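> no sequence for this one, just the structure:
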């Protein structure tokens, strides 16, 4: 018998919505900021009743967000998947520091900005002989929703956050926009040709319709001023 995560699946449809099956929980989260406007954490603000199978808007124009209402057909939405199927390891660069390593796949950035504190995560890595800098670097990498960053201990390997399988609807109050779909806990995602993307602990999918790295988010929701008022 398949376990809960094995039954969960997100299918990208051609110029249409994401079809979610397997009873994936749907929750709402927001980015928390400090007095300086820096992203510092996450807060869950609610959940959405969705059922075992549901369709999530991908074009950004549904009147029933986060769910699809077929507006993509009226709008002539071009949902062509551009990202390709390179693995994270193939996409990421390496930044070495004292006893640590940061994997960085820049193309996956969803502009959540957790990496900006203390001069930037890429600079913190070089100061990881300081225990406080190391702790903060690991924290910032773990908070990144897209999994752009993966913090690794040279001796112990990658350090990933423990995330329950779910889809989170991201809100970014500091910028007044709604963010991507945050896919958590290793849920399978397949493209419109039924070819699987690499299964990862955390990825972000575009839901504003404007990403140049579809189906993944590239931060275009900020420039587009995307809002989910549902």
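Received the coordinates, thanks. For clarity, every value in this text was computed on a predicted model and none was experimentally measured.

> CA only for contacts and neighbour counts going forward, please
Fine.

> In the chain, where's the longest strand?
strand 39-48 (DSSP state E).

> tell me which residues in that one are buried?
Buried residues in strand 39-48, counted by 16 or more other Cα atoms under 10 Å: 39-40.

> Adjacent strands (with direction) for that strand?
If you go by DSSP bridges, strand 39-48 pairs up with strand 26-33 (antiparallel).

> follow-up on the earlier one: list the contacts of the longest strand of the chain.
By Cα atoms under 8 Å, 6 or more residues apart in numbering, the list of residues contacting strand 39-48 from outside reads 25-34, 112-114, 116-117, 143.

> Does the residue most central in space within the chain belong to a helix, a strand or coil?
By Cα atoms, centre = their mean, the chain has its centre lying nearest to residue 204, at 2.2 Å. Here residue 204 is recorded as strand under DSSP: H, G, I helix; E, B strand; the rest coil.

> Quick one: residues contacting it.
110, 145-146, 180-183, 216-217.

> Okay, buried residues for the lowest-mean-pLDDT helix or strand in the chain please.
Least confident element among the helices and strands of the chain, by mean pLDDT, DSSP states H and E: helix 4-7 (a mean of 79). For helix 4-7, the neighbour count (16+ other Cα under 10 Å) marks residue 5 as buried.

> quick one on the thing from earlier: which strands or helices does the helix or strand immediately after the longest strand of the chain in the chain pack on?
The C-terminal neighbour of strand 39-48 among helices and strands, as given by DSSP states H and E, is strand 53-56. Packed against strand 53-56 by the contact rule (3 or more Cα pairs under 8 Å, 6 or more residues apart in numbering; DSSP states H and E) you find strand 18-21.

> Please work out which residues outside the strand it packs on touch it.
With Cα under 8 Å, 6+ apart as the criterion, strand 18-21 contacts 7-13, 52-58.

> related to what we said a few turns ago, could you pick out which of the contacts of residue 204 are located in strands?
180-183.

> Would you convert these into CSV that also reports distance to residue 194 and pLDDT?
Listed next are these as CSV, based on distance: Cα to Cα, whole Å; pLDDT from 0 to 100:
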residue, distance to residue 194, pLDDT
180, 22, 98
181, 20, 98
182, 21, 98
183, 18, 98
